[in-house]
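Q: here are the coordinates; sequence isn't available:
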Ligand code: ZN
Ligand code: FE
């Protein structure tokens with residue numbers, strides 16, 4: 001994950017049962033950022049192994065499987081999270097909202113509001129590194145459950161993320177991809193890009209490798225939650241008369257029962 005002016009390295013850290021945290025490190029400055037803190041020990045071990053020290057911790061949302069390790073890990077690092085959720089996040093050093101521009105590990109970092117899974121969920125986009133940290137909003141072949149927000153809110157959030165450059169790597173919060181793939185295949189059986197992707201997913205998981213991050217361009221082609229406005233998929237579902245956000249709501253409801 002390099003860029004001529006400001007190279008950063010991305011490290012994916014498996015945590016808990018199926019969570020991912022991410023480390024971003026700038027070798028020139030020594031700065032290291034953590035995105036989400038599901039659990040302290042695997043993250044602390046990765047930092048120690050590389051002799052890195054956290055300068056910033058970015059939080060996508062308030063759920064315990066994203067903040068539970070924070071108290072142990074923060075140790076002077078700047079903790080950044082959504083101003084909308086400051087009342088139920090750990091104490092923030094910097095509260096942010098859509099449109100805010102941060103400087104993290106030498107990378108210009110945009111804050112994007114992505115409500116749906118929770119109402120205060122945010123994502124972080126580093127355009128020069130082609131990285132987006134989406135937590136439990138846009139996920140590999142999926143999206144987060146709607147615990148707090150409405151389908152319309154999540155559809156709008158996903159549309160914003162879908163509009164990022166296609167080469168963006170989507171760094172999402174969980175390894176749910178195999179079950180997401182089975183659901184996607186049930187909705188979209190004729191999608192040849194999806195069939196190819198599922199083969200790659202099965203091979204990666206059989207080899208014990210993560211399927212996260214994933215490329216936004218392949219998400220656009222294969223993730224059914226990004227395809228609620230696709231005429232072919234709508235027709236296949238018999239929902240061609242419905243507005244996109246209602247098609248999205250139907251797809252999300254079907255996944256909850258899948
Ligand atoms: Zn969550
Ligand atoms: Fe989660």
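A: Thanks, I have it. Keep in mind that what you see is a predicted model, and the values were worked out from it rather than measured. Ligands and ions are numbered 1, 2, ... in the order given.
Q: please work out the average pLDDT along stretch 215-229.
A: Average pLDDT, stretch 215-229: 98.
Q: around ligand 2, pick out the residues from the stretch 1-150 of the chain.
A: Neighbours of ligand 2 within the stretch 1-150 of the chain, by Cβ under 5 Å from the ion: 65, 136. Using the backbone N, CA and C atoms, a C-beta is placed for each residue, glycine as well.
Q: just the helices in the stretch 101-250 of the chain please.
A: 151-162, 177-187, 192-206, 216-222, 231-236, 244-257 (DSSP state H, counting those that start in this stretch).
Q: distance to residue 9 and mean neighbour count for the ones you listed - can I get that in CSV?
A: Shown next, in CSV, are these (distance: least, Cβ to Cβ, whole Å; neighbours: other Cβ atoms under 10 Å):
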stretch, distance to residue 9, mean neighbour count
helix 151-162, 23, 20
helix 177-187, 23, 18
helix 192-206, 21, 15
helix 216-222, 20, 20
helix 231-236, 37, 14
helix 244-257, 34, 17
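Q: where among those is average confidence lowest?
A: helix 231-236 (a mean of 94).
Q: quick one: it to chain centroid distance?
A: Remark: helix 231-236 is offset 26 Å from the chain centroid, using Cα atoms, centre = their mean, to the nearest Å.
Q: swap in stretch 16-29?
A: Distance, centroid of stretch 16-29 to centroid of chain: 13 Å (Cα atoms, centre = their mean).
Q: can you give me the end-to-end span of that stretch?
A: End-to-end distance of stretch 16-29 (Cα to Cα, to the nearest Å): 30 Å.
Q: hmm, it in reach of ligand 1?
A: No: with Cβ under 5 Å from the ion as the criterion, ligand 1 is not reached by stretch 16-29; the gap is at least 9.2 Å.
Q: quick check: residue 82 touching residue 95?
A: Yes: the pair residue 82 / residue 95 is scored as a contact, 7.1 Å apart, by Cβ atoms under 8 Å.
Q: those two: who's more crowded?
A: Per other Cβ atoms under 10 Å, whichever of residue 82 and residue 95 has more neighbours is residue 82, with 26 against 15.
Q: how much space separates that one from ligand 2?
A: Residue 82 is 15 Å from ligand 2, where distance means Cβ to the ion, to the nearest Å.
Q: give me phi/psi at that residue?
A: phi -70, psi 130 (degrees, to the nearest 10).
Q: near ligand 1, which residues of the stretch 51-200 of the chain show up?
A: Checking the stretch 51-200 of the chain against ligand 1 by Cβ under 5 Å from the ion, the hits are 63, 136.
Q: low-confidence regions, this protein specifically.
A: 1-6 (pLDDT under 70).
Q: what does stretch 183-194 contact?
A: 141-142, 181, 195, 198, 218, 221-224, 227, 233, 236-237, 251, 254-255, 258 (Cβ atoms under 8 Å, 6 or more residues apart in numbering).
Q: strands of this structure, start to end?
A: Shown for the chain, the strands assigned by DSSP state E span residues 9-15, 19-25, 32-35, 56-58, 78-82, 94-96, 101-104, 107-113, 122-126, 131-135, 138-139, 142-143, 169-172, 214-215.
Q: partner strands of the third one, parallel or antiparallel?
A: Strand 32-35 has the following sheet partners, assigned by DSSP bridges: strand 19-25 (antiparallel), strand 56-58 (parallel).
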